[in-house]
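**Student:** Got a sequence here, can you build the structure:
(one chain, ligands or ions: 4)
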Amino acid sequence: MEANANHLPNGEAAAAVLDSPTNPMVTPLLTDLYQYTMAYAYWKGGKHNDRAVFDLYFRRNPFGGEYTIFAGLEECIKFIANFKMNEGEISFIRQSLSGSCEDGFFDYLRELDCSEVEAYAIPEGSVVFPKVPLMRIEGPVAVVQLLETPLLNLVNFASLVATNAARHRFVAGKSKMLLEFGLRRAQGPDGAITASKYCYIGGFDATSNVAAGRLFGIPLRGTHSHAFVSSFMSPDEIIEKSLKSADGSTICEDFVSLVQTWLNKIKAVQWSKSSNGDTNHSELTAFTSYALAFPDNFLALVDTYDVMRSGIPNFCAVALALNDLGYKAGGIRLDSGDLAYLSSEARKFFQSIEKEFCIPGFGKTNITASNDLNEETLDALNKQGHEVDSYGIGTYLVTCYSQAALGCVFKLVEINGEPRIKLSEDVSKVSIPCKKRSYRLYGKEGYPLVDIMTRENEPIPKVGERILCRHPFNESKRAFVVPQKVDDLLKCYWPGTSGKPRVELPSLNETRERCINQLEQMRPDHMRRLNPTPYKVSVSAKLYDFIHFLWLNEAPVGELQ
Ligand SMILES: Nc1ncnc2c1ncn2[C@@H]1O[C@H](COP(=O)(O)OP(=O)(O)OP(=O)(O)O)[C@@H](O)[C@H]1O
Ligand SMILES: O=P(O)(O)OC[C@H]1O[C@H](OP(=O)(O)OP(=O)(O)O)[C@H](O)[C@@H]1O
Ligand SMILES: O=C(O)c1cccnc1
Ligand SMILES: [Mg+2]
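**Tutor:** Residues are numbered from 1 along each chain as shown. Ligands and ions are numbered 1, 2, ... in the order given. Model prediction:
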C-alpha cells in the first residue's frame, strides 16, 4: 500500500468532487466513430452490458530508452468521472450513424455514465515498462469501448513528453535549472499546455507558458527577447533615470550615468585586446531600461550583437550599478553560438569582475543557455565542459522531436469472466490475457528488479519468499526472485459501484516528486543513454501456462499440402 495514498470512502458518486478535464474538448465525442458503431452493435445485440476488462499499455519504451514515465492519469479519471452526453452530442451521433439505428439506442446514450465502470491504474508519475497495464478499465463493454480513444489520447502524449523531460533532466544533471520554453513551437494550444504540465512532472523546474502557470500552478520563469534589445536606439530614450536602492534608503537620480561610469571602469581594467573597447550603446540602453523596470531580477539576453565584446561587458556594467544600490543581478541568457565556449568565457569574465571590484558572489552569476537544445546537445556540452546553470528548452522537448508517439494500446483481456487474447504474427503484439494484478519486486540493493503480472486470484508475492518470474513469451527466459519489497502497482482510482475505496488524485507537485524519486531509485544501467539494460517484465508461472494454453486454443492449426 502506498505510504501517502489517501483513500476516500466510496458510495456517493465521486463525480461531484472531480473537476472536468483541463481541455473542454475532452468530451464523449472525442473518440473514433467506430467506438459508437460498435456501441450500437453491442446494444442491438443485447451485449452492451457484458462485463469487459481492458488493459491500457505500451509495447516499447520511447527514445531508444528502457523506461517510460506514466502520465495523463488525472485527466483520464476526471474524464471518466464527468462522462455524460448532452442532447447536442446525442443528436450529432444520431446524424452520424446510419438512419436505421433505433431510437432506443439514443435513450440508452442519454442515461450513459461511468457509474458501472471501475478504473485501476499505476500512480501517475511512476516509472513504467512495456506490457505492464498502466490502467485496467472494467465495466459494461459498450461504455468502456467508448473510453478507449480518449484514454489513449490523454495518456500517449502526456507519457511521451514526461519521459522526454525526464531524459533531458537525466542528461542535464540534478543541479541545473530546467525551463520549458516550448509554447511557440508546440503542436497547437493543447500540445503546448499538455507539454508544460507533463514536462514539469518529468522534472523541469518552470515554464514560460503563462496559461499553464495559471492552470496548474507551475512556477513561471523567463528572460527577454532579442526584439527588446534591438528596439532601443539611443540612451536618450530613457527618460526616467532614477532608481531607489534595494532597502529604500537612498535614490540614485541618474542610474544611466552610474551604468556608464561602471562601463568605463570595466573597460579600463578588463579588455581592449580584441576590440576598440566600445560596446553597443543601444544594447546598453536596453539592459539599463530592463534594470530600471526590474532592478531585483535583472536579466539580459547578451547575444544580440556580440556576446564577449558587447553583451557581457554591458551586462556587467548594469549589474555593478545595481550592486551599488544593493540589488543582485539575475543573470544572462546565451541564445546562439558555441554555448560551451561562451558560457566558459562569460564565467571567467564574471570571476575577474568579482576579483577586480571585490564583489562577492559575482563570479557565480547565473548563465542560462537556449537555442535548439536537446539531449544530444546537452550531452555534448557536458563532454566539452561548460558553465551553464540553467537551460531553456523548447522545440525538441515539447514536440518530442525524436519520437512522435508512444503507441499505447487498449486491449480486451476478459469478457464476462472469460479471458481473451489477441494473436499476432508479431509476438510482441500478442496481448496478455486475463484480469491481472501487477507487482514490482525489489532486490537486496533496493533497486526494482522485475515487474510481474499474475492472474487476479493468485496469492500476492511475499517479501522473502521465492517466486518464479517468467518471460511472457520466451520459454527459456525465467528467473527466481526473492523480493525484499513488493509494490502492488494497480490502485483503484474509480471504483464504480464496487464499494472499493478510491485513491485520491495527488497534487501536481506530489506527482512530480513521485517521478523524481522513482527515477532516482532505478538501477543506473537501465537509465544510461547508450545501450541501456532492459528492465525485466514477467508473468507468474500460472499466467504463463494460461497464456500459452489460450494461445493454442485460439490459433487455428494450419494444414500443409
Ligand atoms: N558547444 C556546443 N556543442 C554542441 N552543440 C552546440 C554547442 N553550442 C551550441 N550548440 C548547438 O549548435 C546549434 C547551433 O545553432 P546554429 O547553427 O543555428 O547557429 P546559431 O548559433 O543559432 O546562430 P544564429 O542563431 O546566430 O544563426 C544549436 O542547436 C545549439 O544548441
Ligand atoms: O530553441 P528552442 O529550444 O525551441 O527554445 C525556444 C527558442 O525560442 C526563442 O527563439 P525565437 O522564437 O526568438 O527564435 P530563434 O531563436 O529561432 O530566432 C528562444 O530564443 C529560444 O531560442
Ligand atoms: O523567457 C525566455 O527567455 C523565453 C521564453 C520563450 C521562448 N524563448 C525564450
Ligand atoms: Mg533560438
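
**Student:** Let me know the helix or strand that the closest residue to T27 other than its chain neighbours is in.
**Tutor:** Nearest non-adjacent residue to T27, counting by Cβ to Cβ, 6 or more residues apart in numbering: E89, 6.7 Å away. In short, each C-beta sits where N, CA and C put it, glycine included. Secondary structure from DSSP states H and E places E89 in helix 87-96.

**Student:** who touches that helix?
**Tutor:** T27, P28, L29, L33, Y36, M85, C101, F106, L109, R110 (Cβ atoms under 8 Å, 6 or more residues apart in numbering).

**Student:** what's the residue closest to the geometric middle of this structure?
**Tutor:** By Cα atoms, centre = their mean, the chain has its centre lying nearest to A162, at 2.2 Å.

**Student:** who touches V398 in this structure?
**Tutor:** Listed by Cβ under 8 Å, 6+ apart, the contact partners of V398 are V161, E180, G182, L183, R185, A186, Q187, G191, A192, A195, S196, C199.

**Student:** Enumerate the residues of the stretch 351-500 of the chain near ligand 1.
**Tutor:** Proximity of the stretch 351-500 of the chain to ligand 1 is confined to N371, D372, L373, T377, A380, L381, Q384 under the rule Cβ under 6 Å from any ligand atom.

**Student:** and of those, the nearest to G337?
**Tutor:** N371 (8.3 Å; Cβ to Cβ).

**Student:** residues contacting that closest one?
**Tutor:** N371 makes contact with L334, D335, S336, L339 under the criterion Cβ under 8 Å, 6+ apart.

**Student:** now swap in V256 and tell me
**Tutor:** Contacts for V256 (Cβ under 8 Å, 6+ apart) come out as P235, I238, K241, T288.

**Student:** Now render those as JSON lines, adding pLDDT and distance to ligand 1.
**Tutor:** Formatted as JSON lines, those follow (pLDDT from 0 to 100; distance: Cβ to the nearest ligand atom, whole Å):
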{"residue": "P235", "pLDDT": "91", "distance to ligand 1": "26"}
{"residue": "I238", "pLDDT": "96", "distance to ligand 1": "28"}
{"residue": "K241", "pLDDT": "97", "distance to ligand 1": "32"}
{"residue": "T288", "pLDDT": "98", "distance to ligand 1": "24"}
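
**Student:** who wins for most neighbours among those residues?
**Tutor:** Counting neighbours by other Cβ atoms under 10 Å, the top entry in these is T288, with 27 neighbours.

**Student:** so where do the strands sit in the stretch 301-450 of the chain?
**Tutor:** 331-334, 367-369, 390-393, 409-415, 418-419, 436-442, 448-455 (DSSP state E, counting those that start in this stretch).

**Student:** What lies in contact with stretch 232-242?
**Tutor:** Contacts of stretch 232-242 (Cβ under 8 Å, 6+ apart): 251-257, 281-286, 288-289, 292.

**Student:** returning to what we had before: which pair of the contacts of V256 spans the longest distance?
**Tutor:** Among these, P235 and K241 lie farthest apart (Cβ to Cβ), at 9.5 Å.

**Student:** beta partners of the closest residue to S370 other than its chain neighbours?
**Tutor:** Closest residue in space to S370, ignoring its immediate chain neighbours: G392 at 3.7 Å, by Cβ to Cβ, 6+ apart. Under the criterion DSSP bridges, G392 forms beta bridges with L179.

**Student:** list the contacts for G392?
**Tutor:** Counting by Cβ under 8 Å, 6+ apart, G392 touches L179, F181, S208, T223, R333, T368, A369, S370, L373.

**Student:** Thank you, goodbye.
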